[in-house]
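# just need the structure, nothing else, for what follows:
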Amino acid sequence: MKPLGPIPAGFEANAQGRLLIGGTVADMLAKEGTPVFVYDHARIAAQIEQFRTAFPGIALHYAAKANPYGPLLEAIAKLVDGFDVASAGELDRVSRFSLPISFAGPGKSWTDVEGAIRAGIVLNLESEGEALKALTWGKRLGIVPKLAIRVNPPFGLKGSGMKMGGLATQFGVDHDRVHALVHGVIAGGAEWHGLHIYAGSQALDAEAVIELQRATIELAALIAAQVGRAPPHVNLGGGFGIPYFAKDRPLDVERVGSALIKVLEDRPKILADTKFAIELGRWLVGEAGVYLTRVVDRKVSRGETFLVTDGGLHHMLAASGNFGQLLRRNYPLANASRFAEETCEQFTLTGCLCTPLDLLGDEVMLPSTNVGDVIAIFCAGAYGLSASPVGFLSQPEAREILI
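Okay, the predicted model is just below:
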């Protein structure tokens, strides 16, 4: 038996012992076809409210790469202060909302840069080459580009799932070259919007996040002093994680927020008028999503019982362990049709793809489970369908619904 990750708090069973998602029985949500991703709007709103309480005065931006599902974006647009996008496709999805947008990510094409400048959004420059593209397009179009510099800081986020700072990287401009690039942007006739400093993701250690934010503000002040003027805006990044695996514990965001407010109260005078934002994706929507897939076969092979579902890694790559895990661990999952029943049998849960990589639950304990039962994989609201190889083996696409 191998442990499962923790099911997020608040998921309950109805009187018949079946899983409820947003007050609706999971089997009913699956009735029109599986696999299906279900996103609970109320859970997302509760996360945003928790952020507002913990981080008063800090703008909240949604990182669209976490989940770009249209109805979900529309719901979030009413609750956040802006969007951060990482492609022209994401920009197309959020441009209809009357909110500030910033565009980050390496390798922006000339067409990407042109589209961003025409749209009047903020470009987070990842290199001097991108700055040249932006200034060139600004002159051609007769539009003043809004440019921020993405900084590659001299530090990373300790314990993060993915480090994006403190090392040689494709992301951002090394911190000791930023001031020169800012001078070049201003001299080129662009509007310097500020700094974007993102050092890592999927952090659960409050002390690590607190230290990162303190160091980020110190770095912003240093760059401001080198430039000789304050950045109008500083995006502090995000990196807030959620518990996926056994022994993971939720990030103490109240502690992080309290520390950040104190640091900002005592910040260097050069940053007195600077506005600050945090961009979050996974932390806002991850625990609000559940992937429902139905058992289509139960078989025994060399004494081991397998449950084969109609889903798989082509929809939920992360749960298979093929989305950045070094050692595969089990996501939180359950038999949604028998959610209240005690576990009593060990199963290996797979998808329907013709590859041994399609493993959704490795030697997990579940109630007695049979063909037709619905399996729920939790923490599926971020980096689920859009982060998976949906075209692999030409299987049917999963549905998505927001409730």
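# now the element after whichever strand or helix holds T136, going C-ward?
Element membership of T136, judged by DSSP states H and E, is helix 128-141. Sequence-wise, the next helix or strand beyond helix 128-141 is strand 146-152, with elements assigned using DSSP H and E.
# could you pull up the mean pLDDT of that following strand?
The predicted model gives strand 146-152 an average pLDDT of 97.
# that one pairs with which strands, parallel or anti?
If you go by DSSP bridges, strand 146-152 pairs up with strand 122-125 (parallel), strand 173-174 (parallel), strand 191-197 (parallel).
# could you dump these to JSON lines with mean neighbour count and distance to L393?
Any C-beta I mention is one placed from the backbone N, CA and C, and that applies to glycine too. Output for the strands paired with strand 146-152, formatted as JSON lines (neighbours: other C-beta atoms under 10 Å; distance: least, C-beta to C-beta, whole Å):
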{"stretch": "strand 122-125", "mean neighbour count": "27", "distance to L393": "36"}
{"stretch": "strand 173-174", "mean neighbour count": "16", "distance to L393": "41"}
{"stretch": "strand 191-197", "mean neighbour count": "24", "distance to L393": "38"}
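# among the ones you listed, which comes closest to R399?
Closest to R399 of the strands paired with strand 146-152 is strand 122-125 (C-beta to C-beta; 33.5 Å).
# for that closest one, which outside residues touch it?
Contacts of strand 122-125 from elsewhere in the structure, counted by C-beta atoms under 8 Å, 6 or more residues apart in numbering, are 100-105, 108, 113, 116-117, 130-131, 134, 145-150, 173, 181, 185, 193, 196, 235.
# ok now it, how far from the chain's centre?
19 Å (C-alpha atoms, centre = their mean, to the nearest Å).
# shift numbering so it begins at 15
Sure, I'll start counting at 15 from here, so that last one is strand 136-139.
# export only the CA atoms of that strand, formatted as CSV.
Taking only C-alpha atoms (Å, rounded to 0.1, in the frame of the first residue of the first chain), the coordinates of strand 136-139 have been written out as CSV:
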residue,chain,number,x,y,z
VAL,A,136,2.2,45.5,-20.1
LEU,A,137,5.0,43.5,-21.6
ASN,A,138,7.3,41.8,-19.0
LEU,A,139,10.6,41.8,-20.9
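# excluding its backbone neighbours, what's nearest V108?
Excluding its sequence neighbours, the residue lying closest to V108 (C-beta to C-beta, 6 or more residues apart in numbering) is F97, at 4.4 Å.
# just give the number of residues close to the one you found.
Residues contacting F97 under the criterion other C-beta atoms under 10 Å number 25.
# tell me if it really is in a strand.
Yes: according to DSSP: H, G, I helix; E, B strand; the rest coil, the state of F97 is that of a strand.
# I'd guessed it sits against K79; true?
No: counting by C-beta atoms under 8 Å, F97 does not reach K79; the two are 10.4 Å apart.
# per-residue pLDDT, I292?
For I292, the model assigns a pLDDT of 98.
# repeat for the one 10 residues further on
Predicted confidence (pLDDT) at A302: the value is 98.
# may I see the buried residues of stretch 303-319?
For stretch 303-319, burial by neighbour count (16 or more other C-beta atoms under 10 Å) applies to 303-309.
# low pLDDT regions in the stretch 165-314 of the chain?
Low-confidence segments of the stretch 165-314 of the chain, defined by pLDDT under 70, span residues 172-180.
# and the strands in the stretch 265-414 of the chain?
Defined through DSSP state E, counting those that start in this stretch, the strands belonging to the stretch 265-414 of the chain, from first to last, are 289-294, 303-315, 318-323, 347-349, 359-364, 373-380, 388-391, 413-416.
# tell me which strands the last one pairs with, and in which orientation.
Listed by DSSP bridges, the sheet partners of strand 413-416 and their directions read strand 50-53 (parallel).
# right, and the helix or strand after the partner strand?
helix 55-68.
# for that following helix, which outside residues touch it?
Identification of contacts with helix 55-68 by C-beta under 8 Å, 6+ apart yields 24, 36, 74, 86, 89-90, 93-94, 267-268, 270-272, 292, 294, 297-299, 301-302, 395, 416-417.
# show me how to select, in PyMOL, the buried members of those residues.
In PyMOL, this line selects whichever of those come out buried by 16+ other C-beta under 10 Å:
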select buried, resi 36+74+86+90+93+94+267+270+271+292+294+297+298+299+301+302+395+416
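# the contacts of helix 55-68 in helices, which ones?
Judged by DSSP state H, the subset of those located in helices is 86, 89-90, 267-268, 270-272, 297-299.
# which members of those are the farthest-apart pair?
For the ones in helices among the contacts of helix 55-68, with distances taken as C-beta to C-beta, the pair at the greatest spread is L86 and S272 (29.6 Å).
# next up, the contacts around the nearest residue to I224 once chain neighbours are set aside.
Nearest-residue entry for I224: A273, 4.3 Å, with adjacent residues in sequence omitted and distances by C-beta to C-beta, 6+ apart. Shown in contact with A273 (C-beta under 8 Å, 6+ apart): 224, 227-228.
# wait, G129 sits on S101?
No: under the criterion of C-beta under 8 Å, G129 is not in contact with S101, lying 10.5 Å apart.
# what's the distance between S315 and V309?
16 Å (C-beta to C-beta, to the nearest Å).
# one step back: in TSV: the strands of the stretch 265-414 of the chain, plus distance to R281.
Below are those laid out as TSV (distance: least, C-beta to C-beta, whole Å):
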stretch	distance to R281
strand 289-294	9
strand 303-315	36
strand 318-323	51
strand 347-349	44
strand 359-364	49
strand 373-380	46
strand 388-391	42
strand 413-416	38
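# these: which one's closest to T183?
Going through these one by one, with C-beta to C-beta as the measure, strand 289-294 comes closest at 17.8 Å.
# ok, the closest one: who's next to it in the sheet?
Partners of strand 289-294 in its sheet, by DSSP bridges: strand 73-77 (parallel), strand 247-249 (parallel).
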